[in-house]
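>>> Predicted model, plus sequence, below.
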Amino acid sequence: MKILITEKLPINVEEKLKKYNIGVLIPRKHPDKNEMINIVKDMDGIICLLKDSIVKEVIDAGNKLKIIANYAVGFDNIDIKYAKEKNIFVTNTPDVLTEATADLVFGLLLSSARRIPEANDYVRKDRFKGWRPDEMLGYDVYSKTLGIFGFGRIGQAVARRAKGFNMRILYTARSEKNMPFKCEYVDYNTLIKESDYISVNAPLNKETKGIFNYNAFKQMKENAIFINTARGKIVKESDLVKALKENLIAGAALDVYENEPLIEEELKTMDNCILAPHMGSATKDTRTEMANICVNAIIDVLINKKGPKTCVNC
Ligand code: DGY
């Protein structure tokens, strides 16, 4: 048996799978769609990344495929319905990245509110000439209102952090959640109008695609700071540029992009926008755990002949 891993992971997968007689192919260069179509013909499984589009053509080419293990919690890059039709399990990596991603949300929120990257730059460029009353003024976080768009595992983990900052917490979700502390279930319009900070923590789907557009930014508070660590396509990036230029909102902090890895060039020039390289789950422990989940899913399906624990299309 053989699996494809589209890029090297932080654990030695070859070693782990050798004892099960599962061979591993890790191409020297990340395969594009056509290369993938060529390679998957001989594969029993794939471990892929969120930047791999596992569309019908790829799935069709994989005659022997039994499992696609996505090295991510989001799985919008895979046609999971079509995989199911072909009796292929699709799995993701939930839970293990929840806290790391929520930490990054708060890191970005505080960095944006208190202008930390800009301040770092300021000092390094020798512009700090002594304490001044009006230097590097930012926005308060404590007791302000945080709107969380999408209240699954990560959204709720963000709320737990916000509680420590005594924030008023608003959220939108498909249904109201039972939380051990006060979180207000509101509609989308209330969320965008009343929040000082808005954190996007929803999956990308038909309903969320492009929902944060110019009209949405227009309804936000002038002091609002917009944070997206979920999926770039939930935001119309050119509309965000326009909103920042027109000072409709105070700032943004982005970890994900509409056409990743391409980024609206103007965002890179704006002081009120912090940019990160899609690093929500990027801690050593988390990325290791994500790899272990993928490998276990492969073993469950190919060796133990059972449904994997983190199946998203079963
Ligand atoms: C995911 O797992 O979906 C994240 O976007 C990766 O950081």
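Right, received. Where do you want to start? It should be emphasised that the depicted structure is a prediction, and the values quoted were computed from it without experimental measurement.

>>> neighbours of the residue lying closest to residue 221 once chain neighbours are set aside, just the number please.
Spatial nearest neighbour of residue 221, chain neighbours left out: residue 196 (6.3 Å); criterion: CB to CB, 6 or more residues apart in numbering. From N, CA and C alone the C-beta is placed, and that goes for glycine too. Residues lying near residue 196 (other CB atoms under 10 Å) number 22.

>>> shouldn't residue 196 be in contact with residue 146?
Yes: the pair residue 196 / residue 146 is scored as a contact, 7.2 Å apart, by CB atoms under 8 Å.

>>> Model confidence score at residue 292, please.
Here, the pLDDT recorded for residue 292 equals 98.

>>> Doesn't it belong to a strand?
No: looking at residue 292 with DSSP: H, G, I helix; E, B strand; the rest coil, it is helix, so not inside a strand.

>>> now the helices for the stretch 51-200 of the chain?
For the stretch 51-200 of the chain, applying DSSP state H, counting those that start in this stretch gives helices covering 56-61, 80-85, 98-113, 116-124, 153-164, 188-194.

>>> Now do the third one against helix 153-164, angle only.
Meaning helix 98-113. 50 degrees (axes from the mean of the first three to the mean of the last three CA atoms, to 10 degrees).

>>> Please name every helix or strand in contact with helix 98-113.
Using 3 or more CB pairs under 8 Å, 6 or more residues apart in numbering; DSSP states H and E, the elements in contact with helix 98-113 are helix 153-164, strand 197-200, strand 225-228, strand 251-254, strand 273-275.

>>> is the third one up against the ligand anywhere?
No: Strand 225-228 is not in contact with the ligand by CB under 6 Å from any ligand atom; minimum separation 10.8 Å.

>>> picking up where we left off before, in CSV, list the helices and strands packed on helix 98-113 along with mean pLDDT and mean neighbour count.
Shown next, in CSV, are those (pLDDT from 0 to 100; neighbours: other CB atoms under 10 Å):
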stretch, mean pLDDT, mean neighbour count
helix 153-164, 98, 20
strand 197-200, 99, 28
strand 225-228, 99, 28
strand 251-254, 98, 25
strand 273-275, 98, 19
